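*Asks:* Pasting the sequence and the predicted coordinates here, then a few questions.
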Amino acid sequence: MQLDFHYYATYAAAILAGFDHEESLQIAYSAQFTDCCTRTFLDTINAPLSAATTQTQAELADVPTDPVGLHDITRIWASFHFLPENLYAEREKTGRKYLRKYRLICGPNGTLVKDTVELAKGKGPAATGLAMHVLADTWAHRYFAGTPSLVINNTNYHFYEITEEGERPVRFNHNPASPDDPEKGIYTNTVPQGSEDSIMNLGHGRAGHLPDYSYARYRYMPAWGGYREIVKDNPSDYLHAFRQMIYALRYLKGEEGEAFQTETYDERAYVPYREEIEEILTKRQLDASKDWKAFGERLSKEEIPDFAETLYQEEYRNAAVEEKENTMPGQFIRAALAQKSMVTNRIFSSGSLLAGFSVDYAKKGFRGIPDFRMLLKR
Amino acid sequence: MTKKRRVINFITGILLILIGPILFTAGDDGIGVVLFLMFVGFFIGALQGFWYYFTMARHMVGGKAMLYRALILLDLSAFSFTVGRGGALMGVLYVAAIQFLAGAVGVLRAADAKRFGGHWRLMLVYGIICILFALAVIVSGLMYHSSALAVIVYSIGLFTTGISRVVSAFRRTAIVYIP
């Protein structure tokens, strides 16, 4: 997913869930900021680097693909963009090494989504927005894993886009400077790389940005699928994501009981706007920001400012050390560390070292990366 | 990182730190060592390739390609081993390609850092130096038929890789989970 959904659609979902304009803006900002909070950015504001929620292409190219580097990549991408659906999934006749990667495949309605949303409860708009980013991406990024893996994330020539006129093979090129062309069906994807741990095989790189476009419907053969085809219906998945966000936001507002329920979607608030939403989702365009913005502004009757990733940068820089945590970036950093800590722990507890070690503070005290000491302050 | 991996990283790091300076002073004669190290690298790569195919890639759509890749690496390792000093150009191009890639990444990172108002000048200088080194290695190899510069650059690479391995052996990697 990209800015159109993470920022503008999240804003609309928050309004429909009953948040006011200012709160909705903060939630939407935080949801989109998850795609901007890199180490490079954190370094410029002197914030804990372990709170990074994404990596730039240059950062990725610079990370050594040794175990430490791979742990770092997996922690970031599995925690925030490719939340694993089932860490205890089984597959016959495979070794442990393969199975550990297979279990990181992202998908909606897993127990980790529930943990993610419940973790954000009572933590403010920054944590709420971050959780909405993670939840929404489980729909868009399903079938791919947030770790570099050829055997899981690779795609091949068997890739067809389904349009109203019929089907056509997707033509991929590898030039990052060439824009995707939905009219001709030409898209950019990463260069095929035979190395299991190459960053070219991270997430949905081999399928290009197709998972990020709400209009896209396509069928392809994922590397992990045993020669079985998958049909990905983005308009349907994105609508589910939007409805689940409304339900999750109401839950976080304290209106849906104690526990977050998976496979539960909003059934009321979106109904009057269903046709309008479906029209935005199915329109063949690379960026639906304009339509989502207009929709959000009609809902709230307020203007939605353009997203600016540096919006709260000075607030954080200028705050006294003890006050930093109370700023918007400070709350986001705390939420990011908590999410990363939780997901790493779940992966580690499932018997996999792909995201590195997790030390349970309650049992062993504080050992490990000092940045996480911040989580001890309640 | 597991304790076993830390020990392996530490030992290989120390070995590389020792080999780097020795190779640095070897001049043109050092290209034989570079080619031997390339042979070792390709051979280990081939063995890893076969292991990868049988444990992972055979479950993957189109996984047979990984088996063929391992065979090609085995072939390259045999070539590096038998080519002797006559194959100096292969070593020169190999070193230049690695250096150029490191430089390009440095420049891209500097551009990113500049966009956010961070410290970018040092990264840019590092990137440009790497690219200049790569060009110098190619020029000295192709025009002056000298592999001495390639050997020097390769030895510096070994030395810095050794240091980063030792550092990574002591890096804290555990994430604290606070329920």
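*Replies:* In hand now; what should we look at?
*Asks:* Quick check: next helix or strand after the longest helix along chain B?
*Replies:* Determined from DSSP state H, the single longest helix within chain B is helix B:88-115. Sequence-wise, the next helix or strand downstream of helix B:88-115 (DSSP states H and E) is helix B:121-142.
*Asks:* That next one vs helix B:88-115, what angle?
*Replies:* Angle, helix B:121-142 to helix B:88-115, by axes from the mean of the first three to the mean of the last three C-alpha atoms, to 10 degrees: 160 degrees.
*Asks:* right, and the helix or strand after helix B:121-142?
*Replies:* That would be, after helix B:121-142 and using DSSP H and E, helix B:148-169.
*Asks:* Leaving out sequence neighbours, find the closest residue to the residue minimising distance to the centre of chain B.
*Replies:* What sits nearest the mean C-alpha location of chain B, by C-alpha atoms, centre = their mean, is B:Ile98, with 6.5 Å. Closest residue in space to B:Ile98, ignoring its immediate chain neighbours: B:Gly157 at 6.9 Å, by C-beta to C-beta, 6 or more residues apart in numbering or on different chains. To be clear about C-beta, it is placed using only N, CA and C from the backbone, and glycine gets the same treatment.
*Asks:* count of residues packed around the one you found?
*Replies:* Look at B:Gly157: counted by other C-beta atoms under 10 Å in any protein chain shown, it has 18 neighbours.
*Asks:* so where is chain A shaky, pLDDT-wise?
*Replies:* Applying pLDDT under 70 to chain A flags the ranges A:378.
*Asks:* Please enumerate the strands of it.
*Replies:* Assigned by DSSP state E, the strands in chain A fall at A:159-163, A:166-169, A:171-173, A:186-188, A:217-220, A:230-233, A:358-360.
*Asks:* Would you confirm that B:Leu35 contacts B:Val92?
*Replies:* No - B:Leu35 is not in contact with B:Val92 according to C-beta atoms under 8 Å; the separation is 10.4 Å.
*Asks:* coming back round to it: elements contacting the longest helix of chain B?
*Replies:* helix A:39-44, helix A:57-62, helix B:31-55, helix B:121-142, helix B:148-169 (3 or more C-beta pairs under 8 Å, 6 or more residues apart in numbering or on different chains; DSSP states H and E).
*Asks:* ok, 10 Å please
*Replies:* helix A:39-44, helix A:57-62, helix B:31-55, helix B:64-83, helix B:121-142, helix B:148-169 (3 or more C-beta pairs under 10 Å, 6 or more residues apart in numbering or on different chains; DSSP states H and E).
*Asks:* hey, least reliable of these by pLDDT?
*Replies:* Comparing mean pLDDT over the helices and strands packed on helix B:88-115, the weakest stretch is helix A:57-62, at a mean of 82.
*Asks:* In that helix, which residues are buried?
*Replies:* A:58-62 (16 or more other C-beta atoms under 10 Å in any protein chain shown).
*Asks:* next one: stretch A:218-231
*Replies:* Buried, per 16+ other C-beta under 10 Å, within stretch A:218-231: A:218-224.
*Asks:* if we look at chain B, which of the residues you listed are close to it?
*Replies:* A:220-224 (C-beta under 10 Å from any C-beta of the partner chain).
*Asks:* List the residues that contact the nearest residue to B:Leu16 once chain neighbours are set aside.
*Replies:* Closest residue to B:Leu16 apart from its sequence neighbours, by C-beta to C-beta, 6+ apart: B:Gly162 at 3.1 Å. In this structure, B:Gly162 makes contact with B:12-20, judged by C-beta atoms under 10 Å, 6 or more residues apart in numbering or on different chains.
*Asks:* any chance of these in JSON lines, plus neighbour count and secondary structure?
*Replies:* Formatted as JSON lines, the contacts of B:Gly162 follow (neighbours: other C-beta atoms under 10 Å in any protein chain shown; DSSP: H, G, I helix; E, B strand; the rest coil):
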{"residue": "B:Thr12", "neighbour count": "15", "secondary structure": "helix"}
{"residue": "B:Gly13", "neighbour count": "19", "secondary structure": "helix"}
{"residue": "B:Ile14", "neighbour count": "14", "secondary structure": "helix"}
{"residue": "B:Leu15", "neighbour count": "13", "secondary structure": "helix"}
{"residue": "B:Leu16", "neighbour count": "20", "secondary structure": "helix"}
{"residue": "B:Ile17", "neighbour count": "17", "secondary structure": "helix"}
{"residue": "B:Leu18", "neighbour count": "13", "secondary structure": "helix"}
{"residue": "B:Ile19", "neighbour count": "16", "secondary structure": "helix"}
{"residue": "B:Gly20", "neighbour count": "19", "secondary structure": "helix"}
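*Asks:* My guess is B:Ala97 contacts B:Phe133. True?
*Replies:* No - assessed by C-beta atoms under 10 Å, B:Ala97 is found out of contact with B:Phe133, at 11.8 Å.
*Asks:* Return the residues in contact with A:Leu150.
*Replies:* A:101, A:192-198, A:200-201, A:206, A:223, B:52, B:56-57, B:60, B:62-63, B:65-66.
*Asks:* now B:Pro21
*Replies:* Going by C-beta under 10 Å, 6+ apart, B:Pro21 touches B:155-156, B:158-159.
*Asks:* same thing but 8 Å
*Replies:* Applying C-beta atoms under 8 Å, 6 or more residues apart in numbering or on different chains, we find B:Pro21 in contact with B:155, B:159.
*Asks:* Kindly provide the distance from it to B:Val92.
*Replies:* 21 Å (C-beta to C-beta, to the nearest Å).
*Asks:* With A:Gln331 instead?
*Replies:* 54 Å.
*Asks:* what does A:Ser349 give?
*Replies:* 50 Å.
*Asks:* Same drill for those two, tell me which one is more crowded.
*Replies:* A count of neighbours by other C-beta under 10 Å puts B:Val92 above the other of A:Ser349 and B:Val92, at 25 against 12.
*Asks:* what pLDDT does that one get?
*Replies:* At B:Val92, pLDDT is 84.
*Asks:* That one contacts B:Val137, correct?
*Replies:* Yes - using C-beta under 8 Å, B:Val92 is in contact with B:Val137, at 6.1 Å.
*Asks:* Can you pull the residues that touch both of those two?
*Replies:* Common contacts of B:Val92 and B:Val137 (C-beta under 8 Å, 6+ apart): B:Ala150.
*Asks:* Identify the spatial nearest neighbour of the spatially most central residue of chain A, chain neighbours not counted.
*Replies:* Geometric centre of chain A, nearest residue: A:His81, 2.8 Å, by C-alpha atoms, centre = their mean. Distances taken as C-beta to C-beta, 6+ apart place A:Asp137 nearest to A:His81, at 5.1 Å, with adjacent residues excluded.
*Asks:* pretty sure that neighbour contacts A:Phe82?
*Replies:* Yes - the pair A:Asp137 / A:Phe82 is scored as a contact, 6.9 Å apart, by C-beta under 8 Å.
*Asks:* Need the overlap of contacts for these two.
*Replies:* With C-beta under 8 Å, 6+ apart, A:Asp137 and A:Phe82 have common neighbours A:Cys106.
*Asks:* who wins for proximity to A:Lys324 among the helices and strands packed on helix B:88-115?
*Replies:* Proximity to A:Lys324 (C-beta to C-beta) singles out helix A:39-44 among the helices and strands packed on helix B:88-115, at 12.2 Å.
*Asks:* rewinding a little: what about the residue nearest to A:His81, distance to chain B?
*Replies:* 21 Å (C-beta to the nearest C-beta, to the nearest Å).
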